[in-house]
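# turn this into a structure:
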Amino acid sequence: MSDPVTQQEGSAMSTTADYDARRVTEIDAGDRSPLGEIVPSLPKMSTVVVDDDPNDVPFFELPGADLSGEELTVAVVPKRADEFMCSCCFLVQHRSRLRSTSGGRQICADCV
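Numbers count the residues shown, from 1 in each chain. As a prediction, the model looks like this:
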């Protein structure tokens with residue numbers, strides 16, 4: 001007695017397709033010219049033009065922004081008890097960001 005499922009499988013096996021195989025398109029099947037024939041049809045190289053504006057000043061100052069005569073004052077806040085200074089980046093960080101302490105060196109989460 002013949003099983004219809006096995007008959008279908010048997011007929012399907014003879015017409016299987018290899019889906020991993022490369023598909024050949026019309027472009028692939030077309031004429032493959034050697035590179036020497038293609039190169040003359042390419043456009044010629046052109047020279048590069050640098051846009052150099054003589055009015056550009058590399059260091060510019062804003063009008064009225066001369067602060068050379070001004071003294072700047074910065075308020076220094078002492079380190080709190082719950083803060084530490086990272087020995088790599090020298091930033092004062094909160095204790096929750098402390099990741100490593102080796103040989104008296106405290107290192108933050110960013111520098112680990």
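# got a list of what the nearest residue to Cys86 once chain neighbours are set aside touches?
Nearest-residue entry for Cys86: Cys108, 4.1 Å, with adjacent residues in sequence omitted and distances by CB to CB, 6 or more residues apart in numbering. (Each C-beta comes from the backbone N, C-alpha and C, glycine too.) Cys108 is in contact with 84, 86, 88-89, 91, 93, 97-99, counting by CB atoms under 8 Å, 6 or more residues apart in numbering.
# please enumerate the strands of the chain.
83-85, 92-94, 98-102, 105-108 (DSSP state E).
# strand partners (parallel or antiparallel) of the second one?
Spelled out, it's strand 92-94. strand 83-85 (antiparallel) (DSSP bridges).
# now do the helices in this structure.
4-14, 26-29, 35-38 (DSSP state H).
# least reliable of those by average pLDDT, please.
The stretch with the lowest mean pLDDT among the helices of the chain is helix 4-14, at a mean of 51.
# follow-up on the earlier one: out of the strands of the chain, which gets nearest to Ala65?
strand 92-94 (30.4 Å; CB to CB).
# can you mark which positions in that closest one are buried?
Gln93 (16 or more other CB atoms under 10 Å).
# can you check stretch 73-89 too?
By neighbour count on 16+ other CB under 10 Å, the buried set for stretch 73-89 is 84, 86-87.
# circling back: what's the closest of the strands of the chain to Val24?
Across the strands of the chain, Val24 has its closest neighbour in strand 98-102 (57.3 Å, CB to CB).
# then the closest one to PDB, C-alphas only?
Output of strand 98-102 as PDB, limited to C-alpha atoms (Å, rounded to 0.1, in the frame of the first residue of the first chain):
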ATOM      1  CA  LEU A  98      33.700  55.300  42.700                       C
ATOM      2  CA  ARG A  99      34.700  52.100  40.900                       C
ATOM      3  CA  SER A 100      38.200  51.200  42.000                       C
ATOM      4  CA  THR A 101      40.600  51.900  44.800                       C
ATOM      5  CA  SER A 102      44.000  50.500  44.500                       C
END
